[in-house]
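K.L.:
Test case, fold it:
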Amino acid sequence: MAFHHKVINVVAGHLNRLTGRVAVQNPTYAQDGLYTEHCAEFMASERFMNAYAAGEATGSWNGAPVHWRVYIACWLAEQSSRLNGDLIECGVNRGGIARAIVSYLDSNLKEKRFYLLDTYKGLPVTLLSERESKHLPTFETHYSDSFAAVSSTFGSFPNVVIVPGVVPYSFKEIKSEGFCFVHIDMNNARSEIAAAEFLWPKLTAGGFMLLDDYGWQINIDQRTAFNRFAQERSVSVLALPTGQGLLMKA
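P.N.:
Next comes the predicted model:
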């Protein structure tokens, strides 16, 4: 998710030119591609802001403000935590969202495992489509080895299970039979659909599958693939104004 910060946070200035309408003078939220005057009370929540600070401290977002995206992940994880099954994130980078979730759930996580799957070395170029290879960051140009940092961040949380490797091959290390919350953020359609195909049958009824990149214009391949994935299962992806997409298992 980190690369999006290079092209966002200028939304307010463009609204007048694109719509000819007067922009809101005092937005409640204006960052990460989202500009609104709607209620954003979570920004005043000490619990959430502490969780956000814990995630931000990992260095995952390179200083980009992504509060609403993180809030959605935390809220969904909390709702899901009341169901049977564990939590899993595919695409961790330095663990920002996962760390925020761990803080936000606190004791609600103690009976569950939280699996964190990543190469921890960035995107293997062999996984990218032609379009993705032109637009998305790869190991050589964007990511650094983050395994040691993630291991340090989550070392004091015995419920967090760090699984290095390439999805879907790393799924052989997963011991859980069911999941209540799935977060997918691997910046390429091939890996994300492979993860979804493996995890959807294991997702508990009422559980959520959150797609970090679904709504961003640059992520056409992922959006197209997940629309097809959802249609084949007689469900649909809820497009969120944060750029995320959401699937719920009935």
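K.L.:
What's the local residue count around G206?
P.N.:
Other residues lying near G206 total 15 when counted by other Cβ atoms under 10 Å. (Each C-beta comes from the backbone N, C-alpha and C, glycine too.)
K.L.:
Over to it. Which of the three states is it?
P.N.:
strand (DSSP: H, G, I helix; E, B strand; the rest coil).
K.L.:
Show me the helices in this structure, by range?
P.N.:
For the chain, the helices defined by DSSP state H cover 11-19, 46-56, 67-80, 96-105, 130-135, 147-153, 189-199, 220-232.
K.L.:
Just tell me which of these ends up closest to D118.
P.N.:
Closest to D118 of the helices of the chain, according to Cβ to Cβ: helix 147-153, at 7.6 Å.
K.L.:
Which other helices and strands does the closest one contact?
P.N.:
Helices and strands touching helix 147-153, by 3 or more Cβ pairs under 8 Å, 6 or more residues apart in numbering; DSSP states H and E, are strand 160-164.
K.L.:
Buried deepest among the helices of the chain, which one?
P.N.:
Sort the helices of the chain by mean neighbour count, taking mean count of other Cβ atoms under 10 Å, and helix 96-105 sits at the top with a mean of 26.
K.L.:
Next, the angle from that helix to helix 46-56.
P.N.:
150 degrees (axes from the mean of the first three to the mean of the last three Cα atoms, to 10 degrees).
K.L.:
So which elements touch helix 96-105?
P.N.:
Helix 96-105 packs on helix 46-56, helix 67-80, strand 86-90, strand 114-118, going by 3+ Cβ pairs under 8 Å, 6+ apart.
K.L.:
how about these in JSON lines, adding mean pLDDT and distance to L210?
P.N.:
As requested, those are exported to JSON lines (pLDDT from 0 to 100; distance: least, Cβ to Cβ, whole Å):
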{"stretch": "helix 46-56", "mean pLDDT": "98", "distance to L210": "15"}
{"stretch": "helix 67-80", "mean pLDDT": "98", "distance to L210": "6"}
{"stretch": "strand 86-90", "mean pLDDT": "98", "distance to L210": "9"}
{"stretch": "strand 114-118", "mean pLDDT": "98", "distance to L210": "14"}
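K.L.:
what about the ones you listed, which gets the closest to G96?
P.N.:
Across the helices and strands packed on helix 96-105, closest to G96 is helix 46-56 (Cβ to Cβ), at 4.2 Å.
K.L.:
what's the distance between the closest one and the middle of its chain?
P.N.:
16 Å (Cα atoms, centre = their mean, to the nearest Å).
K.L.:
Give me the contacts around that helix.
P.N.:
Residues outside helix 46-56 that contact it (Cβ atoms under 8 Å, 6 or more residues apart in numbering): 42-43, 61, 67, 70-71, 74, 95-104.
K.L.:
Determine which of the helices of the chain approaches N26 most closely.
P.N.:
Using Cβ to Cβ, the helices of the chain put helix 11-19 closest to N26, at 11.0 Å.
K.L.:
Mean confidence (pLDDT) on that closest one, please.
P.N.:
What helix 11-19 shows for mean pLDDT is 45.
K.L.:
residue nearest the centroid of this protein?
P.N.:
Nearest to the mean C-alpha position of the chain, by Cα atoms, centre = their mean, lies D212 at 4.0 Å.
K.L.:
Isn't it up against R69?
P.N.:
Yes. Judged on Cβ atoms under 8 Å, D212 makes contact with R69 at a distance of 7.2 Å.
K.L.:
re the thing from before, got TSV for the helices of the chain, with distance to P124 too?
P.N.:
Formatted as TSV, the helices of the chain follow (distance: least, Cβ to Cβ, whole Å):
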stretch	distance to P124
helix 11-19	33
helix 46-56	25
helix 67-80	25
helix 96-105	21
helix 130-135	11
helix 147-153	15
helix 189-199	9
helix 220-232	16
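K.L.:
residues contacting the nearest residue to C74 once chain neighbours are set aside?
P.N.:
Nearest residue to C74, sequence neighbours excluded (Cβ to Cβ, 6 or more residues apart in numbering): Y104, at 4.0 Å. Applying Cβ under 8 Å, 6+ apart to Y104 gives the contacts 47-48, 51, 74, 77-78.
K.L.:
No further questions, thank you.
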